[in-house]
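K.L.:
here are the coordinates; sequence isn't available:
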């Protein structure tokens, strides 16, 4: 039986903006380095540990499940002839 995979992304920028925080402020409150926050927000983080998720959520005063959202589906590229 095939399992469907639902791509998700971390909606960190939206939550941070909602709280009126800069990346530097979130870094200070969470103890997560600002470059790491930047990579997460840009969708370029290769892996985000549960510890980092927990610290960010605590600083933002949200539950971990609130940090994730469904990622938009990528458009299939047509092959050039």
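P.N.:
Structure's in. What do you need? Everything numeric in this text was worked out from a predicted model, so none of it was measured. Numbers count the residues shown, from 1 in each chain.

K.L.:
Per-residue pLDDT of the residue most central in space within the chain, please?
P.N.:
Closest residue to the average C-alpha location of the chain: residue 10 at 2.3 Å, with C-alpha atoms, centre = their mean. If you check residue 10, the pLDDT there is 95.

K.L.:
which residue ranges form the helices in the protein?
P.N.:
Along the chain, counting by DSSP state H, helices occupy 12-18, 23-30, 34-42, 50-60.

K.L.:
now those helices in a markdown table, with mean neighbour count and distance to residue 5?
P.N.:
Any C-beta I mention is one placed from the backbone N, CA and C, and that applies to glycine too. A markdown table is the format used below for those (neighbours: other C-beta atoms under 10 Å; distance: least, C-beta to C-beta, whole Å):
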| stretch | mean neighbour count | distance to residue 5 |
| --- | --- | --- |
| helix 12-18 | 16 | 21 |
| helix 23-30 | 16 | 29 |
| helix 34-42 | 16 | 20 |
| helix 50-60 | 16 | 19 |
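
K.L.:
Can you pull the poorly scored residue ranges out of this protein?
P.N.:
Flagging of the chain using pLDDT under 70 yields the residue ranges 1-2, 75-81.
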